[in-house]
Structures are given as C-alpha cells and as structure tokens.
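1. Quick one, structure for this:
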Amino acid sequence: TVAPGGITTAAPGDITTIAPGDITTVAPGDITTVAPGGITTAAPGDITTIAPGDITTVAPGDITTVAPGGITTA
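-> Here you go, the predicted structure:
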C-alpha cells in the first residue's frame with residue numbers, strides 16, 4: 001500500500017522490478033511521474049488498483065513488461 005503523496009517521482013532506473021504482491025494499492029496522487037527506465041517489470045499481482053490521478057505520466061521505456069495479473073484496475 002502506498003499512501004497519498006507516496007511515490008510522486010521515480011527517477012530513471014528506479015523501481016525496475018516489483019515482486020509478487022508489491023504495491024497492491026496506490027492512493028490518489030501517488031506515482032504521478034515515472035521517468036525513463038522506471039517500473040520496467042511488474043510481477044503477478046502487482047499494482048492491482050490505481051486510484052484517480054495516479055500514474056498520470058509515463059516516460060519512454062517505462063512499464064515495459066507487466067506479468068499476468070499486473071495492473072488489474074486503472
């Protein structure tokens with residue numbers, strides 16, 4: 001769980017791999033910007049729910065692979 005205002009900016013190369021069950025809920029306004037190379041792989045069950053206004057901008061090369069069950073609700 002990431003509370004409101006949690007991960008607002010991810011710099012290049014940050015959060016490259018998310019293991020199963022990680023970051024299951026992201027509150028409103030969290031993870032607003034992901035820089036190039038961020039969040040490259042999301043394992044099964046990761047980032048299951050994204051609240052309003054989350055992940056508003058995804059830079060080139062971000063979220064390149066999402067495993068089964070990854071981002072189930074946006």
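
2. Thr40 reaches Thr16, doesn't it?
-> Yes: Thr40 lies in contact with Thr16 (CB atoms under 8 Å); the separation is 5.0 Å. C-beta here means a position set from N, CA and C on the backbone, and glycine is covered the same way.

3. Those two: which has the busier surroundings?
-> The neighbour comparison of Thr40 against Thr16 (other CB atoms under 10 Å) goes to Thr40, with 16 against 13.

4. show me the contacts for Asp22.
-> Neighbouring residues of Asp22 by CB atoms under 8 Å, 6 or more residues apart in numbering: Ala43, Asp46.

5. again, only using 6 Å
-> Asp46 (CB atoms under 6 Å, 6 or more residues apart in numbering).

6. count of residues packed around Pro52?
-> Per other CB under 10 Å, the neighbour tally for Pro52 reads 8.

7. State the distance from it to Thr64.
-> Per CB to CB, to the nearest Å, Pro52 is found 25 Å from Thr64.

8. swap in Gly45?
-> Applying CB to CB to Gly45 and Thr64 gives a distance of 18 Å.
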